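**Q** Any chance you could fold what I've pasted below:
(2 chains)
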Amino acid sequence: MNAWKWLALAGALAAALLVAGAVRRRALGTAAGRRFLRHPASTPGVFVLAFFVTLALAAPLVAPYDPDWMPGIVELQNRPPSGLHPLGTDVYSRDVWSRLVYGARISLGIGALAMLVAVTLGAAVGAVAGYFRRWVDAALMRFVDVGLALPRIFVLLMVVALWEHVPLAVLVLVIGFTSWFGTSRLVRAEVLSLREREFVAAARALGAGPRRVVFRHVLPNAAAPIIVSAALGIGNVMLLEAGLSFLGLGVPSPAPSWGSMIFDGTEKMAVAPWTSVFPGLAIAVVVMALNGIADGLRDALDPRREGGAA
Amino acid sequence: MTEPLLRVRDLKTYFVTEQGSGTARAVDGVSFEVHPGETLGIVGESGCGKTVTSLSILRLIPEPPGHIRPGSFIEFEGRNLLTLAPKELRAIRGNQIAMVFQEPMTSLNPVFTAGDQIGEAAVVHQGLSRKAARRRAIDMLRLVGIPDPEERVDHYPHQLSGGMRQRVMIAMALICHPKLLIADEPTTALDVTIQAQILELLDRLQADLGMAVMLITHDLGVVAGSADRVIVMYAGQIVEQAPTVELFARPLHPYSEGLMASVPRIDAPPRQRHGRLHTIPGQVPAATAWPPGCRFHPRCPYAWDRCRQEEPPLLDAGTGEPGTHTVRCWLLTEPRRRTPRP
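**A** I've put the predicted structure just below:
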């Protein structure tokens, strides 16, 4: 690992600091922002997340080697961290740091995309159920009950087992389609109370149709719980992806996801712990960062703290 | 007389209550007409069915638990609103008939700017682009007398004062130049000086745009100042209907009489001015159990046996053309009983 790469790493850290600083400055301008900052985990969370997102975006600049490059399977496998390989090498002699950096793309990407799918679905289903009530609500919510009752990991295992090598898009969709149940309940509860508000009647009196009322008037008012549940959800999805990959059913082997990296290192855990420990740490740190941000957002966006209806 | 704009016949809006306490007959056989360009005041205490009547016209009653009984009839420009398809109904809402709600604080969507909400009806009904709607919204803000409309158009409801919010609500309602504006207690949530401004604004806009206004209020002062005709509602029914001047000069129903007497008057003779203000004893009964006979009899100072047994129909007071002044009271048949018993 040469000087340029160390510089790139320093650059990524600096970028994360800049982002965290900018977020802080902007947040200080509003009451909600100040409530966000008051949570002790929110600022470090933003910093950590910004750092890993920078790594993911600038992976080719930061990673010293090709993540799949095996310089010498026999003589260079399971090397401890050194100047050449800051986090050591894995069982196939690949550079752990490079794989960690590229793995950020996959792990964060899957987390964000799958959550996007889940939140969109959950918000739509919850809003429709909560607004239309009656049989629509009953049907959708019973379906959600079923979804929540199923042990998700087994459903995922079953679906994923249909493929030999699961395409990433399928993995994202499958995780997304099995992660929206909680969000939909949350949104439904929110919509149930929002639909009785006078501005909904006012919108209907204007001649707005049900679709317009639900998606333009009601749903934006439920943004706060949706955002919080999304932030929490990304962490969950990342853990889920790591678990699947660890079982060998997630991201197919040569691609460096953090979960599959842990899996690759398990056999030599005793002699070369760095191969599993660092990706494990990365997952733990990012999930904690996301939870910190989610907690901060909850404090910031909870309408009960607003001291009014707004 | 001209063809009425809105004709309501025998409107019955009932609510099925939970836990079997029965059916709340919130509006129970109400008939009236609104003519083009006139202002019709509807007064009564809370719980008399004023708001439910207005919501029924636009079919905004939450169903369930509410429903409009078959046999009711609401005709707007010759079309029965109760049998319209949802799409046709939406084409009337906000476009031909608009509504201003009581609470300007909660009737505006907190996440949209004033301009977005004012322009919305124009977007829905006239297919305006966002940009064009914004320009129209600025014009409307100017029309309702909000200073700096170019700036206010991008403000959110929480950045506006109560009076300004109510002006925004009025601008929202009027952007499509409706033929009928239903204003449900438009000034109740405002302080007195702002109330006067809003009423003045409504009067001016009504004259400018030539629309009819249904002004729903419990405040007789508001009605006296703005309405051409007044309907007094009690217990889900119309109890008296008369031109404003006539009603204030000669209220015939004991309930109207009581309402008038409960308002402090600056022009009252000094002796009355220093006495206690009149109150109508008791309160409006529950809509699930209207009293038999005349629904007002438990609170009426003149009530006699007939009132307890027989429900009076709307009787003509015999002033002016038939139907201009009608009263639901047996006193009209036995006027000599109008002497309060000790």
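
**Q** Identify the residues contacting A:Leu173.
**A** A:Leu173 makes contacts with A:114, A:117, as judged by C-beta atoms under 8 Å, 6 or more residues apart in numbering or on different chains. The way it works is simple: take the backbone N, C-alpha and C, and place the C-beta from them, glycine included.

**Q** can you list the residues of the stretch 151-300 of chain B near chain A?
**A** B:157-158, B:169, B:172 (C-beta under 8 Å from any C-beta of the partner chain).

**Q** quick one: which of these is nearest B:Leu332?
**A** B:Met169 (40.0 Å; C-beta to C-beta).

**Q** for the host helix or strand of the closest one, which positions count as buried?
**A** Following DSSP states H and E, one finds B:Met169 within helix B:162-174. Residues of helix B:162-174 classed as buried: B:163-174 (neighbour count, 16 or more other C-beta atoms under 10 Å in any protein chain shown).

**Q** ditto for stretch B:238-254
**A** So for stretch B:238-254, counting by 16+ other C-beta under 10 Å, buried means B:238-244, B:246-247, B:251-254.

**Q** Likewise for stretch B:140-148?
**A** Buried residues in stretch B:140-148 (16+ other C-beta under 10 Å): B:140-146.

**Q** check whether that stretch contacts chain A.
**A** No: looking at stretch B:140-148 against chain A by C-beta under 8 Å from any C-beta, there are no contacts, and the closest approach is 13.2 Å.

**Q** Would you mind measuring the gap between the ends of that stretch?
**A** 12 Å (C-alpha to C-alpha, to the nearest Å).

**Q** hmm, who's touching it?
**A** B:114-115, B:118, B:149, B:152-153, B:164, B:167-168, B:170-172, B:174-175, B:197, B:201, B:205.

**Q** From the chain's centroid, how far away is it?
**A** Taking the mean of its C-alpha atoms, stretch B:140-148 sits 25 Å from the chain's own mean (C-alpha atoms, centre = their mean, to the nearest Å).

**Q** So whichever residue of the stretch 201-342 of chain B sits closest to chain A, which state does it fall into?
**A** Going by C-beta to the nearest C-beta, chain A is nearest to B:Met214 of the stretch 201-342 of chain B, at 13.1 Å. Using DSSP: H, G, I helix; E, B strand; the rest coil, the structure places B:Met214 in strand.

**Q** Report the secondary structure element holding the closest residue to it other than its chain neighbours.
**A** Ranked by C-beta to C-beta, 6 or more residues apart in numbering or on different chains and with sequence neighbours excluded, the top spatial neighbour of B:Met214 is B:Ile182, at 4.7 Å. If you go by DSSP H and E, B:Ile182 is part of strand B:180-184.

**Q** who in chain A is up against chain B?
**A** So chain A meets chain B at A:197-199, A:201-209, A:212, A:217, A:220-221, A:223, A:308-310 (C-beta under 8 Å from any C-beta).

**Q** picking that back up, from the residues of the stretch 151-300 of chain B next to chain A, pick the one nearest B:Gly258.
**A** For these, the residue nearest B:Gly258 by C-beta to C-beta is B:Met169; the value is 31.7 Å.

**Q** And the helices in the stretch 51-200 of chain A?
**A** Applying DSSP state H, counting those that start in this stretch to the stretch 51-200 of chain A gives helices spanning A:59-62, A:96-132, A:134-149, A:152-160, A:168-177, A:181-194, A:198-205.

**Q** Return the per-residue confidence for residue 81.
**A** Assuming you mean chain A. Listed pLDDT for A:Pro81 reads 77.

**Q** could you do chain B instead?
**A** 83.

**Q** who's in contact with it?
**A** B:57-59, B:74-75, B:89, B:92.

**Q** Among the residues you listed, which ones are in helices?
**A** B:57, B:89, B:92 (DSSP state H).

**Q** Go back to these and keep what's next to chain A.
**A** Within the ones in helices among the contacts of B:Leu81, those near chain A by C-beta under 8 Å from any C-beta are B:Ile92.

**Q** and which of the ones in helices among the contacts of B:Leu81 is nearest A:Pro81?
**A** Closest to A:Pro81, out of all of the ones in helices among the contacts of B:Leu81 and judged by C-beta to C-beta, is B:Leu89, at 71.7 Å.

**Q** what about that closest one, distance to B:Asn80?
**A** Noted for B:Leu89: a distance of 11 Å to B:Asn80, by C-beta to C-beta, to the nearest Å.

**Q** So these two - more neighbours on which side?
**A** B:Leu89 (18 against 13; other C-beta atoms under 10 Å in any protein chain shown).

**Q** Can you tell me which helix or strand of chain B has the lowest average pLDDT?
**A** helix B:270-274 (a mean of 63; mean pLDDT, DSSP states H and E).

**Q** Any regions of chain A where pLDDT drops low?
**A** A:1, A:302-310 (pLDDT under 70).

**Q** in which helix or strand would I find the residue nearest in space to the middle of it?
**A** Taking C-alpha atoms, centre = their mean as the criterion, A:Ile234 is the residue nearest the geometric centre of chain A, at 2.3 Å. According to DSSP H and E, A:Ile234 maps onto helix A:223-246.

**Q** Give me the buried positions along that helix.
**A** Quick answer for helix A:223-246 (16+ other C-beta under 10 Å): A:224-246.

**Q** One more: stretch A:124-143?
**A** Buried positions in stretch A:124-143, judged by neighbour count with 16+ other C-beta under 10 Å: A:124-131, A:137, A:140-141.

**Q** Could you do stretch B:79-90 as well?
**A** Buried residues in stretch B:79-90 (16+ other C-beta under 10 Å): B:81-82, B:84, B:89-90.

**Q** same question, stretch B:114-127
**A** For stretch B:114-127, by 16+ other C-beta under 10 Å, it's B:114-125.

**Q** That stretch close to chain A?
**A** Yes: on the criterion C-beta under 8 Å from any C-beta, stretch B:114-127 is in touch with chain A at B:120-121, B:124-125.

**Q** Which two among those residues are spaced furthest apart?
**A** The distance between the two most remote of the residues of stretch B:114-127 next to chain A (C-beta to C-beta) is 9.4 Å, for B:Glu120 and B:His125.

**Q** what's next to stretch A:151-161, contact-wise?
**A** For stretch A:151-161, contacts defined as C-beta under 8 Å, 6+ apart pick out A:166, A:170-171, A:174-175, A:178-179, A:240, A:243-244, A:247, A:249-250.

**Q** tell me which of those is nearest to B:Ala287?
**A** The nearest member of those to B:Ala287, counting by C-beta to C-beta, is A:Ser179 at 46.9 Å.

**Q** How much space separates the closest one from chain B?
**A** 26 Å (C-beta to the nearest C-beta, to the nearest Å).

**Q** Tell me, how many residues neighbour the closest residue to B:Leu315 other than its chain neighbours?
**A** Of all residues not flanking B:Leu315 in the chain, B:Leu332 sits nearest, at 4.5 Å (C-beta to C-beta, 6+ apart). By the criterion of other C-beta under 10 Å, B:Leu332 has 18 neighbours.
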